[in-house]
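In: Could you work out the structure for the sequence below:
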Amino acid sequence: MSRSLKKGPYIDSKLLNKVLKAQETHSGRVVKTWSRRSTIIPEMVGITLAVHNGRKFVPVFVSENMVGHK
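Out: This is a model prediction of the structure:
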């Protein structure tokens, strides 16, 4: 079941703060996150996220065609 359009996409506030900080500093650092439920937004394009899979962090480079997915 999809999320209502009036609610908007879910993104963890701590993840959003880390992404915005990485965008403004233009650092090539990897952003670590445990939030697998967050939706990818356009501000994340070009950033490498290290997503925790329960055992280790898996690096994921975010591209334009990933926007809207989790």
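In: got the buried residues for stretch 8-24?
Out: For stretch 8-24, the neighbour count (16 or more other CB atoms under 10 Å) marks I11, D12, L15, K18, V19, A22 as buried. The way it works is simple: take the backbone N, C-alpha and C, and place the C-beta from them, glycine included.
In: Format those as CSV; extra columns: pLDDT, secondary structure and distance to S63.
Out: What follows is those, written out as CSV (pLDDT from 0 to 100; DSSP: H, G, I helix; E, B strand; the rest coil; distance: CB to CB, whole Å):
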residue, pLDDT, secondary structure, distance to S63
I11, 92, coil, 17
D12, 94, coil, 20
L15, 94, helix, 18
K18, 93, helix, 19
V19, 93, helix, 15
A22, 91, helix, 16
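In: Would you mind giving these as CSV with distance to P59 added?
Out: Listed next are the buried residues of stretch 8-24 as CSV, based on distance: CB to CB, whole Å:
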residue, distance to P59
I11, 19
D12, 18
L15, 15
K18, 15
V19, 15
A22, 14
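In: contacting residues around the one residue sitting closest to the centre of the chain?
Out: Centroid-nearest residue in the chain, with CA atoms, centre = their mean: I40, separated by 5.0 Å. If you count contacts by CB atoms under 8 Å, 6 or more residues apart in numbering, I40 has them with V62, M66, V67, G68, H69, K70.
In: If we use 6 Å, what do you get?
Out: By CB atoms under 6 Å, 6 or more residues apart in numbering, the contact set of I40 is V62, M66, V67, H69.
In: Inside helices: which ones of the residues you listed?
Out: Using DSSP state H, no member of the contacts of I40 sits in helices.
In: Low-confidence bits of the protein, can you list those?
Out: Filtered on pLDDT under 70, the chain yields the residue ranges 1.
In: can you rerun that using 50?
Out: The chain contains no residues with pLDDT under 50.
In: Please, where are all the strands along it?
Out: 31-33, 48-52, 57-61 (DSSP state E).
In: so can I have TSV of these showing distance to L5 and mean neighbour count?
Out: Below are these laid out as TSV (distance: least, CB to CB, whole Å; neighbours: other CB atoms under 10 Å):
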stretch	distance to L5	mean neighbour count
strand 31-33	25	16
strand 48-52	25	16
strand 57-61	26	12
